[in-house]
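S.K.: Need a 3D model of the following:
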Amino acid sequence: MRAAIAALAVAVLVTTGTASAATVPAPLATGPLAPPTSAPPTEPHLSENAAVEAFLAHPKVDRWLRRYPPRPTTDATFDADDRTWTVHVWSGKAGEIARGVVTDGDGQVTEAWTGPQVAWQMARGRPGAFGGKLLTSWPVWLGLSAIFLLGLVDLRRLASVRTLDLLVLLSFGVSLTFFNRGEVFASASLAVPPLVYLTVRTAWIGFRQDSRGGPTLPRWPVWLLAAATLFLVGFRIGMNVEHPRAVIDVGYAGVVGADRILDGRAPYGAMPVDGGRACAPPRSDGRVRERIQADGRCESTNPRGDTYGPVAYLAYVPAVLAFGWEGRWDDLPAAHATAIGLDLLVLLGLVLVGRRLGGARLAAALAFGWAAYPFTTYALLANTNDALMPALLVWGFWLASSPTARGVATALAGWTKFASLLVVPLWLTYRSGLRPASVLRFAVGFGVATVLAFSILLLEPSLWTALETFWNRTIAFQLGRDSPFSIWGWGQYHAAGIPDLASLQTVVQVVTIVLAGVVAAVPRKKGPLELAALTAAVLLGVQLSLTHWFYLYLPWMLPFALLAVLAPRTRSTDEA
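M.R.: Modelled structure (predicted):
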C-alpha cells in the first residue's frame, strides 16, 4: 500500500575499550605512601531543608507563593551526578505550583518555574522557541510590521479606521513580546482586546452596507507591491530552509500521521508514545525522546499528535512520499515542504480572489498582506499546518458561486481545524439562502468530501472502534483541554489575584455560536465582501472563545480580514 518506503536508519555502535596493565613487581617503598584517589562524594553538601529554603527564598518563587496559603507541601531530590537539588512545591487543589533546581555547593537557584511554567515548557519564555530567533528579533519583527503597515495604509488618510484596523492586526506582537519573556498571564490578557476589536469590526463590515467609506486599496503601483511580495516570499522560504530543525510538534504530527496512512493505519491512537525502551541517548534537556514502539521501531515520541482532523494528515502524504521519514524528529523535510507548499497555496488563492473581485491591484494587495504579516511568517517558520485551513477556505471562496464547491471547501477545512465548522451555516446560505436545490448541492459536496476524508478510518479493523478513537483523541480531548494561553484556563491555578473566568467563557462561546447562526440569515443578500467579513468574524469569535489559543491561529482569519478591510464594495463585486 505504501508508495515509497522510508529507509529506516538505526545504527548501534557499542565500543568497549579494555586496557590491561602488565603485572610487575612493586618497588620497595622509600617514603610515605600516597593517599588513594578518592571518588567524588555521593553525599550532598546541603540538607533537603536547606535546598528547599533556598528555593522558596528566590524572589520569583516568593512572589508567586504569596498567592497561596502558607506552609505549602515541599519535596527535594538530590542528583549526585549533577550535584543539584530538584525542588517541588504543591498547594492543595492547585497541585504543583513551583519547581526549580538548586546547586548543592552554594545553594544558588539555577531554574525557577512557577504557575503555568511548571507543566508547560512553552510557557518558560525560551527565545525563538516558535518562529526562530531571527524572526522574533526586534529588527526583523519590527521591520516586517513596518512593511505590512506601510504597504497597506492609505498615506493620505492616516487618521482613519483603516489605519486602526491594520495597527490592531499588528498589535498581537505586543502580546507575543510578553509570551517570549515567559509572562503568559500578561500575554494572554493582551491578546484579548485585538481579538474583540477584530471580531466586532469584521462583523460590523459584514452586517452594515455603509460601514466603510473612501478608497480601500493601497495607492502603491501594482508592480511595486508584486515585487515586494516576491522578495518577502523568497525571504520567508529562505529562512524556513536555513532552519531545518525548526519543526514543532504540529508539523511532526502531520508527518507521522501521513506515514501511518501510507502504512495502512489511521493516525488516531497510533502516534509514537513514551514508555518504551530508550533507543537513543538523552537530549540536551535530559529527555529521552526516542523510544522503541510496539512494532519494534525506534521513533521520536509525540503521544498527543493525533488531535487534528483527518485532512491535516492527508495533506502531508505527498511530501512523505517524496521525502520519506526515518522515524526521528530530525530535519523533517516533508514538514518543511508541506508548510511551504500550503503557504504558496494561500498566496495563489488570494491572487485569484483579488483578480476576480478588484483586479490586479487587489490581487497584489492581498498577496502582499499575507506575505508581509509577521504571524504568517511565524507559522511558516514553525512548520505548522495552520495555513491549510485558510488555504481551503480561500480556494472555496474563489469558487463560492458554486454551492458544491462551498460544501467541499468547508468540509475539508472543518476536518482540518474543527473551529472552521462554525462557518458552515454562513457558507450554506450564501447567495441563495435555503433554496432546496442549492442546499442539496452544498450537502452533496460536504458529504462527499467528508466521506473521502474519513475513509482513512476504514484502514482499521473495526470502523466503530476507529470512530470512537477518533472522537476521544480529537474533539473530546480538545473540549476538555486545560491551557494557560488564554484567559479562560486560569482557574486551574487557584491563585489569589488570578481570576477564574470559566463562566464568562461560557457566555462568549454561546455568543459565538449565536453569531454563527445569525450570519447565515443576516444580511439576507450577501456579496463576496459580506461573506469574507462574516467568515472572519466567526473565525475570530471562535479564537476568542478557545481555552487553548495561540499566535499560530492568526493566519486562519487573515485572508478574510484583509478582504473585509481592502475589498471594494461595488456592483461588479457583488455580482462576482
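S.K.: got any ranges where the chain has weak pLDDT?
M.R.: Under the criterion pLDDT under 70, the flagged ranges of the chain are 1-41, 209-215, 284-285, 570-576.
S.K.: immediately after the longest helix along it, which helix or strand?
M.R.: Of all the elements of type helix in the chain, the one with the most residues (DSSP state H) is helix 333-372. Toward the C-terminus, helix 333-372 is succeeded by helix 374-382 as the next helix or strand (DSSP states H and E).
S.K.: What ranges does the stretch 401-550 of the chain have for its helices?
M.R.: Applying DSSP state H, counting those that start in this stretch to the stretch 401-550 of the chain gives helices spanning 403-414, 424-429, 436-454, 463-473, 475-479, 502-518, 528-545.
S.K.: before we move on, the earlier item: now do the longest helix of the chain against helix 374-382: the angle between them, please.
M.R.: Regarding helix 333-372 and helix 374-382, their directions subtend 170 degrees when assessed with axes from the mean of the first three to the mean of the last three Cα atoms, to 10 degrees.
S.K.: For helix 333-372, name the packing helices and strands.
M.R.: For helix 333-372, the contact count by 3 or more Cβ pairs under 8 Å, 6 or more residues apart in numbering; DSSP states H and E identifies helix 138-152, helix 222-242, helix 249-262, helix 317-323, helix 374-382, helix 388-398, helix 554-566 as packing neighbours. The way it works is simple: take the backbone N, C-alpha and C, and place the C-beta from them, glycine included.
S.K.: can the ones you listed go into TSV with extra columns for mean neighbour count and distance to Gly132?
M.R.: Formatted as TSV, the helices and strands packed on helix 333-372 follow (neighbours: other Cβ atoms under 10 Å; distance: least, Cβ to Cβ, whole Å):
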stretch	mean neighbour count	distance to Gly132
helix 138-152	17	9
helix 222-242	16	7
helix 249-262	24	14
helix 317-323	19	21
helix 374-382	25	5
helix 388-398	27	21
helix 554-566	26	17
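S.K.: And those: which comes nearest Gln121?
M.R.: Each of the helices and strands packed on helix 333-372 has some distance to Gln121 by Cβ to Cβ; the shortest is helix 249-262, at 11.1 Å.
S.K.: who does the closest one touch, helix- and strand-wise?
M.R.: The helices and strands touching helix 249-262, judged by 3+ Cβ pairs under 8 Å, 6+ apart, are helix 311-314, helix 317-323, helix 333-372.
S.K.: Render the CA-only coordinates of the shortest one in CSV, please.
M.R.: I take that to be helix 311-314. Presented in CSV, the C-alpha positions along helix 311-314 are these (Å, rounded to 0.1, in the frame of the first residue of the first chain):
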residue,chain,number,x,y,z
VAL,A,311,-7.3,16.2,6.3
ALA,A,312,-4.4,17.6,8.4
TYR,A,313,-2.6,14.2,8.0
LEU,A,314,-3.7,13.6,4.4
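S.K.: Give me the contact list for that helix.
M.R.: Around helix 311-314, the neighbours that count as contacts under Cβ atoms under 8 Å, 6 or more residues apart in numbering are 253-254, 257-258, 260-261, 267, 385, 388, 392, 412-413, 415-417, 453, 456.
S.K.: one more time with 6 Å
M.R.: The contact list for helix 311-314, computed with Cβ atoms under 6 Å, 6 or more residues apart in numbering, reads Gly257, Ala258, Pro267, Asn385, Leu412, Trp415, Thr416, Ala453.
S.K.: before we move on, what about stretch 496-515?
M.R.: Among residues not part of stretch 496-515, those counted as contacts by Cβ under 6 Å, 6+ apart are Arg67, Ile487, Trp488, Trp490, Gly491, Gly541, Val542, Ser545.
S.K.: Buried residues, it. List them.
M.R.: Neighbour-count burial for stretch 496-515, counted by 16 or more other Cβ atoms under 10 Å, picks out Ile498, Leu501, Gln505, Val508, Gln509, Thr512, Leu515.
S.K.: Distance to Glu530 for those residues - can I get that in CSV?
M.R.: Rendered in CSV, the data for the buried residues of stretch 496-515 read as follows (distance: Cβ to Cβ, whole Å):
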residue, distance to Glu530
Ile498, 40
Leu501, 32
Gln505, 28
Val508, 23
Gln509, 24
Thr512, 18
Leu515, 14
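S.K.: Nearest to Asp79, out of the helices of the stretch 401-550 of the chain?
M.R.: Asp79 lies closest, by Cβ to Cβ, to one member of those: helix 475-479, at 33.8 Å.
S.K.: Pull the distance from the closest one to the chain's centre.
M.R.: Computed by Cα atoms, centre = their mean, to the nearest Å, the chain-centroid distance of helix 475-479 equals 16 Å.
S.K.: same check, this time on stretch 100-109
M.R.: 35 Å.
S.K.: what does stretch 320-328 give?
M.R.: Its chain's C-alpha centre lies 22 Å from the corresponding centre of stretch 320-328 when counted by Cα atoms, centre = their mean.
S.K.: for stretch 453-464, same thing?
M.R.: 27 Å.
S.K.: rewinding a little: mind checking which of the helices and strands packed on helix 333-372 is nearest Gly206?
M.R.: When the helices and strands packed on helix 333-372 are compared by Cβ to Cβ, helix 554-566 sits nearest Gly206, at 7.2 Å.
S.K.: ok, residues contacting the closest one?
M.R.: Contacts made with helix 554-566 from outside it, assessed by Cβ under 6 Å, 6+ apart, are listed as 165, 202, 205, 216, 350, 365-366, 369, 373, 375-376, 379, 386-387, 389-390, 394, 532-533, 535-536, 539-540.
S.K.: Let's see that helix as PDB, backbone CA atoms only.
M.R.: Coordinates of each C-alpha in helix 554-566 appear next as PDB, following Å, rounded to 0.1, in the frame of the first residue of the first chain:
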ATOM      1  CA  LEU A 554      -4.000  34.100  13.500                       C
ATOM      2  CA  PRO A 555      -3.400  33.000   9.800                       C
ATOM      3  CA  TRP A 556      -6.800  31.300  10.000                       C
ATOM      4  CA  MET A 557      -8.700  34.600   9.700                       C
ATOM      5  CA  LEU A 558      -6.100  36.800   8.000                       C
ATOM      6  CA  PRO A 559      -7.200  36.300   4.300                       C
ATOM      7  CA  PHE A 560     -10.800  37.200   5.200                       C
ATOM      8  CA  ALA A 561      -9.900  40.100   7.500                       C
ATOM      9  CA  LEU A 562      -7.800  41.600   4.700                       C
ATOM     10  CA  LEU A 563     -10.700  41.200   2.300                       C
ATOM     11  CA  ALA A 564     -13.000  42.900   4.800                       C
ATOM     12  CA  VAL A 565     -10.600  45.800   5.000                       C
ATOM     13  CA  LEU A 566      -9.500  46.100   1.400                       C
END
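S.K.: Columns distance to Phe323 on top of the helices of the stretch 401-550 of the chain, output as a markdown table?
M.R.: Below are the helices of the stretch 401-550 of the chain laid out as a markdown table (distance: least, Cβ to Cβ, whole Å):
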| stretch | distance to Phe323 |
| --- | --- |
| helix 403-414 | 23 |
| helix 424-429 | 34 |
| helix 436-454 | 23 |
| helix 463-473 | 26 |
| helix 475-479 | 29 |
| helix 502-518 | 39 |
| helix 528-545 | 31 |
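S.K.: wait, which of these is closest to Val196?
M.R.: Val196 lies closest to helix 528-545 among these, at 6.6 Å (Cβ to Cβ).
S.K.: Thank you, goodbye.
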